[in-house]
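Participant: after the sequence you'll find the predicted model.
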Amino acid sequence: MLFLIAVCIQQARSFHLTSTPRAQTDSATASGHKLTNQAKSSEKLPADATIKDINRRNTLFAPALAALATTSLLSPTRPSNAGLFSQAPRRQLELCIVSLLRLQYWAEATAQALQQDTRKSKYLEARLACKALVTGKIGGGASLNVYNLNSLQLKGCLSDLVGYAGDQGGAAAKRKVDEIQTDLLESLASVVEFDGLETTIDPSPRASLTMSMYTDTKAMFVRRTLLERVVPDVQALIKMFPDVKSACEAYVKTTYADELPPRLRAGSE
């Protein structure tokens, strides 16, 4: 394509250089008549056409060819298969670790609240939050914490962490992080689906229906899942990236102090 454009430019320049200077037009009517005839590409030149007529015709089209070639050269070209295999840019590693820490601290605080008088509201929050973390869908009756957790885009962060693990530790580290993140998502999904009341696919039932089916046994199951499965999985993932762990912990304590679990709030006071 570029070669053909270059040939067009070269021919246009040669036609322009070899053409004789145009004399003053005889009259406006005669000149307009000639240009109209020359613009008809389908009309052939007569056999006795002079060199001046041919050069005049070439001079008419030379600027158009040059402009077309310049536009084509300056316009960015894109391969026909561009975008088919491109990947979205990864999130910053520290941002992913911060998101995991916020999830861990929420799980710890919620598990402790499930032993208190506010356990019913926290039970509903835990189920809605886990569904939002897994699916990105928020059901009715969601609290502010549910919206905050949904904004973490957990699944995207976990996918990026698998890539970072492969870059830093090779295939073995990548495989290990992939297994842990799969376990974490399954643990969160179990909080949603354990009693058959809802699934991660269908919309959440009304909050009133969920609460009408509440029992202390269900609250205990959610609490134990958060403490015994979710928190250890998150800690295992963070442990795979020790270089940024301390800095991220300090950042969360400073920026999200209101999200800290009781054990850390007591230590910071």
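Facilitator: Now that the structure is in, tell me what you want to look at.

Participant: what's near enough to touch the closest residue in space to residue 237 that isn't next to it in sequence?
Facilitator: Take residue 237 and drop its neighbours on the chain: the residue closest to it by Cβ to Cβ, 6 or more residues apart in numbering is residue 180, 5.3 Å away. Bear in mind the C-beta positions are built from the backbone N, C-alpha and C, glycine included. Contacts for residue 180 (Cβ atoms under 8 Å, 6 or more residues apart in numbering) come out as 233, 236, 237, 240.

Participant: what about the third one, distance to residue 182?
Facilitator: Shown here: residue 237 relative to residue 182, a distance of 11 Å by Cβ to Cβ, to the nearest Å.

Participant: just put the contacts of residue 180 in CSV and tack on secondary structure.
Facilitator: Putting the contacts of residue 180 into CSV (DSSP: H, G, I helix; E, B strand; the rest coil) gives the following:
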residue, secondary structure
233, helix
236, helix
237, helix
240, coil
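
Participant: follow-up on the earlier one: separation between the residue nearest to residue 237 and residue 127?
Facilitator: Distance, residue 180 to residue 127, by Cβ to Cβ: 23 Å.

Participant: same thing with residue 260?
Facilitator: Residue 260 is 23 Å from residue 127, by Cβ to Cβ.

Participant: higher neighbour count, these two?
Facilitator: When neighbours are counted by other Cβ atoms under 10 Å, residue 260 and residue 127 differ, and residue 127 comes out ahead with 25 against 20.

Participant: wait, the more buried one touches residue 190, no?
Facilitator: No. With contact defined as Cβ atoms under 8 Å, residue 127 does not reach residue 190; the gap is 10.8 Å.

Participant: among the contacts of residue 180, which one sits closest to residue 161?
Facilitator: In terms of Cβ to Cβ, no member of those lies closer to residue 161 than residue 237, at 6.4 Å.

Participant: the closest one - how many residues pack around it?
Facilitator: Number of residues near residue 237 (other Cβ under 10 Å) recorded here: 25.

Participant: list the residues that contact it.
Facilitator: Residue 237 sits next to 100, 158, 161, 177, 180, 181, 184 when contact means Cβ under 8 Å, 6+ apart.

Participant: how about residue 197?
Facilitator: Counted by Cβ under 8 Å, 6+ apart, residue 197 has contacts 205, 209, 210, 213.

Participant: just read off the phi/psi values of the closest residue to residue 236 other than its chain neighbours.
Facilitator: Distance criterion Cβ to Cβ, 6+ apart; nearest residue to residue 236, sequence neighbours excluded, is residue 180 at 5.1 Å. Backbone geometry at residue 180, expressed as degrees, to the nearest 10, gives phi -70, psi -40.

Participant: quick one: residue 180 from residue 199, how far?
Facilitator: Distance, residue 180 to residue 199, by Cβ to Cβ: 24 Å.

Participant: please parse the chain into its domains.
Facilitator: Following automatic domain parsing, one finds the domains of the chain at 1-18+52-71, 93-261.

Participant: okay, those, which one's buried deepest?
Facilitator: domain 93-261 (a mean of 17; mean count of other Cβ atoms under 10 Å).

Participant: what is the nearest of the contacts of residue 237 to residue 249?
Facilitator: Nearest to residue 249 among those: residue 100, at 10.7 Å, using Cβ to Cβ.

Participant: pretty sure that closest one is touching residue 157, no?
Facilitator: Yes. Using Cβ under 8 Å, residue 100 makes contact with residue 157 at a distance of 7.1 Å.

Participant: any idea which of the domains of the chain scores lowest on pLDDT?
Facilitator: Ranked by mean pLDDT, those end with domain 1-18+52-71 in last place, scoring a mean of 50.

Participant: name the surrounding residues that touch stretch 150-162.
Facilitator: Stretch 150-162 has contacts (Cβ under 8 Å, 6+ apart) with 90-91, 93, 95-96, 99-100, 102-103, 129, 132-134, 136, 138, 174, 177-178, 181, 184-185, 237, 240-241.

Participant: the same query, at a cut-off of 7 Å, please.
Facilitator: With Cβ atoms under 7 Å, 6 or more residues apart in numbering as the test, stretch 150-162 has contacts from 90-91, 96, 99, 102-103, 132-133, 136, 138, 174, 177-178, 181, 237.
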